[in-house]
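Asks: next come a sequence and a model predicted from it.
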Amino acid sequence: MNKNIEHIKGQCHCGTVQFEVRLTDGLHTARRCNCSYCRMRGAVVVSAQLADLKITSGEQALTLYQFNTKAAKHYFCSNCGIYTHHQRRSSPEQYGINAACLEGISPFDFEEVPVNDGVRHPMDHTDRPADGLIGTLKFIPSNR
């Protein structure tokens, strides 16, 4: 897998929502989060600046979900239900892009994915680790 991808296309499962994105640092920014929503969603996300995401088709099909402080904005396709991206609470100038929506990318392409502490969010807790990381998820393929 080429982690240095700069520009890439993506879409939801049904193809209604399509987009192009310029990633902040390619796939090197891949992360998971342990907040209540992300634990259930289970997505690996990569970073992009707000201006670097262009919805090319299906913008009208995007549905917004917000919870708790309502600062983060989570978008998903109203047809197939797939989460495509979210505007971050901790860095509102950035989107987290669902890596599984990117052309040719699977969350299982990442051998290790750092996990951010979203339960103890940096906006609410000043005593958490400086990097905000609480662990790493690993994918170890079986030899079948």
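Replies: Thanks, I have it. Owing to the predicted nature of the structure, the values given are computational and were not obtained by experimental measurement. Residues are numbered from 1 along each chain as shown.
Asks: pLDDT weak spots in this structure?
Replies: In the prediction, the chain carries residues with pLDDT under 70 at positions 120-131.
Asks: can you do 80?
Replies: For the chain, the stretches flagged by pLDDT under 80 are 118-132, 144.
Asks: can you map out the strands along it?
Replies: 7-11, 18-22, 32-33, 45-49, 53-57, 62-65, 73-77, 83-87, 94-98, 112-116, 133-138 (DSSP state E).
Asks: now the ones you listed as TSV including mean neighbour count and distance to M1?
Replies: Bear in mind the C-beta positions are built from the backbone N, C-alpha and C, glycine included. Converted to TSV, the strands of the chain look like this (neighbours: other Cβ atoms under 10 Å; distance: least, Cβ to Cβ, whole Å):
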stretch	mean neighbour count	distance to M1
strand 7-11	17	12
strand 18-22	19	17
strand 32-33	23	17
strand 45-49	22	12
strand 53-57	15	21
strand 62-65	14	27
strand 73-77	19	25
strand 83-87	23	20
strand 94-98	24	16
strand 112-116	17	12
strand 133-138	13	15
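Asks: any chance of the ones you listed in TSV, plus distance to R39?
Replies: Below are the strands of the chain laid out as TSV (distance: least, Cβ to Cβ, whole Å):
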stretch	distance to R39
strand 7-11	23
strand 18-22	25
strand 32-33	8
strand 45-49	13
strand 53-57	24
strand 62-65	15
strand 73-77	13
strand 83-87	13
strand 94-98	15
strand 112-116	10
strand 133-138	12
